[in-house]
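[1] What follows is a predicted protein model with its sequence.
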Amino acid sequence: MTDATPVISETPEHAGAPEAQDLAARGSNRSQRPDSDAFKAFITSGWAPRAALDVEPLPAAPYTAARRAALSARFPGARLVVPAGPLKTRSNDTDYRFRPHSAFAHLTGYGTDQEPDAVLVLHPVEPGTGDDGSDHHAVLYVRPLAARDTEEFYADARYGEFWVGARPSLDDVTTATGIEARHVDELRDALAKDVGPGGVTLLVVAGADEAVEALVEAIRAEAGAEEESAEEQGLTDEEWVARAEAAYRRTDAALVEAVSELRLVKDAHEVEQMREAVAATIAGFEEVVRNLARATAHRRGERVIETTFDAHARLEGNTVGYETIAAAGEHATTLHWIRNDGVVRAGELVLLDAGVEVDSLYTADITRTLPVDGEYTDVQRRVYQAVLDAADAAFAVAVPGARFRDVHAAAMEVIAARLEEWGLLPVTAAESLSPEGQQHRRWMVHGTSHHLGLDVHDCAQARRELYLDGVLEPGMVFTIEPGLYFKADDLAVPEEYRGIGVRIEDDVLVTADGNENLSAALPRRPEDVEAWMARLRG
Ligand code: GLY
Ligand code: MN
Ligand code: MN
């Protein structure tokens, strides 16, 4: 990679005396930097007028206003701050590829690597006079492109156009998102306006950008912290609860919860994006099967599987939605095996848990457990079929009106029954299924389902009553992913089971009258998996 030393930097006061040079400036010691006025004048001049970026409204733009209006309705009178997040250092002076925070992506429609340091703010306005008749007006504060006569243009390795390419102008941002755009330098004053007791409450989505959070904290401190006490005397229980609820609505935690819960039910555009992510992921699984011979021939065959899938994800989407799990043989019993440095052996199973994240940042999350040489052995098939039956039982109850927790319960009934049948449970299946038992969970310690969307574990800050205890509604998307994992050193199972790990994971859309398996095009039944592998391998 190109040496990222800015071409202009401070000259050490006493060159040759390292102790006199600030550590932060040492990065410039590795290259020769032109510093002359002649160079500066030459590099900042003689450029053709910038061609306009080819900016079109984002595909999500027609949907994001409704998402912001739904958030607005939950926080009357509050100023809501949703940072995209900063660039993150990978090592020394190199950054990870940028990915915006999912709440920012959801509310602006931005995806891919857009837009570091941007901050979406929903400003409270007179009720009903805001965007689309809501109580808020949205403004995106961004760092626009620097002019060519600035040092940033050619000398700033992190933000400069010479180094990382042209950023969108304020007009480009508005064209893409439909949101008013302003310079990020205006953020501080905009956030501080009217904040304080009796005035505007300032709330920030925590966890996205520490600098923005510190700014919000400083503004709050300057304005005088709002006293919120729900412990006043003489209130009825109802008044007390209402007051405590109102106080909670004025906390950052309530905003984090809200942006998470807002995504529990996907809109039409989100469902379309999920379909694209699933389709790209299925194509990636096919690519892996075509390359299985290469995997078995390599000393780190799991890496062949990982890189085959990940290359596909970069080519067809933004990237992977999470680190690919390519787990052969006993590695499949490690739930999040992402080291992927093992051998892939004929006769064993390989568990591939992977998802393509498309440019809008929605990701699939699919697992198949494949026989490396194309055919399951008897014991592998027995375990596989039990997991498949558990998945099918979960699908049968994943319908509107059911509770999210029912999906897991249905899968566990099958798993416990099979383990009892095989003589592995130390108690009956019924005893194991009781809250006091749960012995069957030794072989499946994870849950059966999680919401899926912009985050692979989407809606993670939603309240329990809307998540685990929540009622399924059309538009919800989640995984069904039972498994059975028998570790190689598990003395509680007969030897033939040891070292076998099976997970089958599909992505499910709840529909008006049931559900749709979005990943149904990827074979699940053992005989279908075998036929599909045979076809792909020729
Ligand atoms: N790949 C992580 C999960 O299945 O939840
Ligand atoms: Mn999953
Ligand atoms: Mn998964």
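    All right, it came through fine. Ligands and ions are numbered 1, 2, ... in the order given.
[2] pretty sure Leu202 is in contact with Ala221, am I right?
    No: if you go by CB atoms under 8 Å, Leu202 and Ala221 don't touch, sitting 11.0 Å apart. Glycine gets a C-beta too; all of them are placed from N, C-alpha and C.
[3] Mind picking out the helix or strand in the chain with the poorest mean pLDDT?
    helix 237-248 (a mean of 84; mean pLDDT, DSSP states H and E).
[4] Run through the neighbouring helices and strands of it.
    Counting contacts by 3 or more CB pairs under 8 Å, 6 or more residues apart in numbering; DSSP states H and E, helix 237-248 packs against no other helix or strand.
[5] Give the buried residues for the following helix or strand past it.
    Later in the chain than helix 237-248, the nearest helix or strand by DSSP states H and E is helix 252-261. Across helix 252-261, burial judged by 16 or more other CB atoms under 10 Å covers Asp252, Ala254, Leu255, Val256, Glu257, Ala258, Val259, Ser260, Glu261.
[6] and the nearest residue to the second one once chain neighbours are set aside, how many neighbours?
    To tie it back to what came earlier, the one meant is Ala254. Closest residue to Ala254 apart from its sequence neighbours, by CB to CB, 6 or more residues apart in numbering: Tyr248 at 5.3 Å. For Tyr248, the tally of surrounding residues (other CB atoms under 10 Å) stands at 13.
[7] Quickly note the distance from Tyr248 to Leu23.
    To Leu23, Tyr248 is 45 Å away according to CB to CB, to the nearest Å.
[8] Distance of Asp469 relative to ligand 2?
    For Asp469, the distance to ligand 2 equals 20 Å [CB to the ion, to the nearest Å].
[9] is it true that Tyr141 lies in a strand?
    Yes: assigned with DSSP: H, G, I helix; E, B strand; the rest coil, Tyr141 falls within a strand.
[10] Would you check that it makes contact with Val119?
    Yes: Tyr141 lies in contact with Val119 (CB under 8 Å); the separation is 4.6 Å.
[11] Residues that sit against both of these two, list them.
    Val184, Leu187 (CB atoms under 8 Å, 6 or more residues apart in numbering).
[12] and the closest residue to ligand 2 within the stretch 401-538 of the chain, what does it touch?
    Distance from ligand 2 to each residue of the stretch 401-538 of the chain (CB to the ion) is smallest for Thr479, at 4.2 Å. Contacts for Thr479 (CB under 8 Å, 6+ apart) come out as Asp365, Ser449, His450, Leu452, Glu505, Asp506, Asp507, Val508.
[13] Please apply the same query to Ala60.
    Neighbours of Ala60 in contact, by CB under 8 Å, 6+ apart: Gly109, Gly111, His269, Ser360.
[14] Give the helix, strand or coil label for Arg463.
    Quick answer, by three-state DSSP: Arg463 is coil.
[15] same question, Val510
    Following three-state DSSP, the label given to Val510 is strand.
[16] how far away is Ala223 from Val195?
    4 Å.
[17] Identify the single longest helix in the protein, thanks.
    Longest among the helix segments of the chain by residue count, using DSSP state H, is helix 268-290.
[18] Show me what it packs onto, helices and strands only.
    Against helix 268-290 (3+ CB pairs under 8 Å, 6+ apart) you get helix 61-74, helix 301-316, strand 349-354, strand 356-357, strand 366-371, strand 477-480, strand 506-511, helix 526-537.
[19] Relative to ligand 1, tell me which of these wins on proximity.
    Closest to ligand 1 of these is strand 349-354 (CB to the nearest ligand atom; 4.6 Å).
[20] Low-confidence stretches in this protein?
    Applying pLDDT under 70 to the chain flags the ranges 1-19, 225-233.
[21] Now with 50, please.
    8-12 (pLDDT under 50).
[22] Up against ligand 3, what does it have?
    Residues of the chain found near ligand 3 (CB under 5 Å from the ion) are Asp353, Asp365, Glu505.
[23] Could you rerun that using 6 Å?
    Counting by CB under 6 Å from the ion, the chain comes close to ligand 3 at Asp353, Asp365, Thr367, Glu505.
[24] Show me what the third one bridges to in the sheet.
    Which is Thr367. Under DSSP bridges, the beta-bridge partners of Thr367 are Asp353, Glu505.
[25] isn't it right up against Val350?
    No: counting by CB under 8 Å, Thr367 stays clear of Val350, with 11.0 Å between them.
[26] the more surrounded of the two?
    Shown here are Thr367 and Val350; by other CB under 10 Å, Val350 has more neighbours (26 against 23).
[27] Closest residue of the stretch 51-200 of the chain to ligand 2?
    Closest point on the stretch 51-200 of the chain to ligand 2, by CB to the ion, is Ser102, at 15.9 Å.
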